[in-house]
Each structure stands twice: as structure tokens, then as C-alpha cells.
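**Student:** Sequence isn't available, so here's the structure alone:
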DNA sequence: GACCAGATTGTCT
DNA sequence: GACAATCTGGTCA
């Protein structure tokens, strides 16, 4: 049983959303086909007291979507060649989001292999830049609502919400400022988590 | 396995 | 002009 997450889900505190997104299913439908994965690793980025957050230095053209309504996709470009996929949280105007860092491939694996240029299952979605490529995302999807297709996030009732796995909380990865904050959440022991 | 360098460009100072 | 919420492919072990 699958249930589409509504805007209400994304209105809670950002770290809470990050934790609850673990086990949920990210789905992208394109003309090429459908790809989907189970979220196994996330990071929260806070407006307040978090220098690593793009929104921490105020609103700009690039981060405008973060200040928009919750439940929308914030996709941005880094390191001259990669994109990262985030979900906007909190009420409009705040500027917080959850970075999706890793997925466990579920559907459309052949298509993911083609997009990624590898047949190694573990290497398809085990990192922010990788999952974006595997799902065929780009800045075209920046600002897309996740509450209606073709890009959505659903909770899997069969995963049983909480009890089914242990959540590991650690420091965030790959940042220079605000690196000490315990805002990274991952499914403990899952082999598709990055690094 | 661990560690390191290089790729490459949008965005902000 | 500096730097970035990363990945890949190289070397060495």
C-alpha cells in the first residue's frame, strides 16, 4: 500500500521531515520510463544557525525555491557538473530543505543503469549526484511540486513507517561550515547509503 | 580498502 | 575571482 505524501507532511520541523523521509519512495516518471527508489539517507538544512544552508545568507535567485511553499523540489547545480535534489520544508518564507543523499533502487533499474553508465546496483543511487542522474533529474525539475506527478514521494505502508529499521544520526557530509551539526539521517546498516 | 587529484561552471562577493 | 551540500579514476597497499 502506497500513500502519496501531502504538503502537510512537509510542514513539520525540517530535521523531523528528514528523519521521516527515510523509507519513503521517490518516483520519477519520464517518457523514457519510470524510475523509483527508497530513500535511505537524508540531510536537513536549517535557516537558523546553519551556515551551510543556502538560505542562511538570504534569498537569492538560486535559492528562491527554498523560500517557497513546502513539498516542492529544490534542485541546484554544484561543482560544475553535479546536481543535488532537495525537498522544501516548513511554511513559505522560512527557507529550509532536506537534501536526499541516497536511494535504494526499486524500479526502472535498467533505465538507471543506462543513465549512470554502470551495471553495479550499489553505485546507481548511493550519493546525491548519483541519484539525480539515475532518476533523470536536472534543473528542469527545480520548483516542481512533489504532491502531484510526474515527480512524487510516497510512504510505503509495507515498510511499516518507524519500527522496521534503525535510524542512524550523524554529522553532515561534504560541507566545510556547520559540519558539526547532527543533521544527517540514514537507515542503519543499509548498503545503499553513500560512502 | 584508503587516499588524492582533476573535472568544470553557475553563483555570489 | 573564489568557491562549491560531488564523482570518478588514478595510485598505493
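**Tutor:** Looks like it came in fine. Since this is a predicted model, take the numbers as computed values, not measurements.

**Student:** If the residue most central in space within chain A is in a bridge, with which residues?
**Tutor:** Chain A has residue A:100 as the residue nearest its centroid, 2.2 Å off, counting by CA atoms, centre = their mean. Note on residue A:100: beta-bridge partners by DSSP bridges are residue A:42.

**Student:** What of residue A:33?
**Tutor:** residue A:30.

**Student:** Model confidence score at it, please.
**Tutor:** pLDDT recorded at residue A:33 is 98.

**Student:** Verify the stated contact: it with residue A:111.
**Tutor:** Yes - in this structure, residue A:33 is within contact of residue A:111 by CB atoms under 8 Å, at 4.8 Å. Any C-beta I mention is one placed from the backbone N, CA and C, and that applies to glycine too.

**Student:** neighbour-wise, which of the two wins?
**Tutor:** Set side by side, residue A:33 and residue A:111 show more neighbours around residue A:111, with 18 against 14, by other CB atoms under 10 Å.

**Student:** can you confirm the more buried one is in a helix?
**Tutor:** Yes - applying DSSP: H, G, I helix; E, B strand; the rest coil, one finds residue A:111 inside a helix.

**Student:** all helices of chain A, in order?
**Tutor:** A:14-21, A:109-116, A:128-134 (DSSP state H).

**Student:** tell me the mean pLDDT for the first one?
**Tutor:** The average pLDDT for helix A:14-21 rounds to 98.

**Student:** How about that helix and DNA strand C, touching?
**Tutor:** No - counting by CB under 7 Å from any atom of the strand, DNA strand C is not contacted by helix A:14-21; separation bottoms out at 10.5 Å.

**Student:** buried stuff in that helix?
**Tutor:** If you call a residue buried by 16 or more other CB atoms under 10 Å, then helix A:14-21 has these buried ones: A:14, A:15, A:17, A:18, A:19, A:20, A:21.

**Student:** Report the contact partners of residue A:70.
**Tutor:** A:7, A:10, A:11, A:88, A:89, A:90, A:91, A:92 (CB atoms under 8 Å, 6 or more residues apart in numbering).

**Student:** and what of residue A:144?
**Tutor:** Residue A:144 touches A:72, A:73, A:151, counting by CB under 8 Å, 6+ apart.

**Student:** can you pick the most crowded of the residues you listed?
**Tutor:** residue A:72 leads the contacts of residue A:144 on contacts (other CB under 10 Å) with 24 neighbours.

**Student:** With residue A:137 as the reference, measure out to it.
**Tutor:** 13 Å (CB to CB, to the nearest Å).

**Student:** and what of residue A:90?
**Tutor:** For residue A:90, the distance to residue A:137 (CB to CB) stands at 22 Å.

**Student:** which residues of chain A fall in strands?
**Tutor:** In chain A, the strands defined using DSSP state E lie at A:2-4, A:25-30, A:33-45, A:73-78, A:82-89, A:96-107, A:151-156, A:167-170, A:184-187.

**Student:** Next one: the residue of chain A found nearest DNA strand B, what pLDDT does it get?
**Tutor:** Taking CB to the nearest atom of the strand, DNA strand B has its nearest neighbour within chain A at residue A:80, 2.2 Å off. What the model reports for residue A:80 is a pLDDT of 96.
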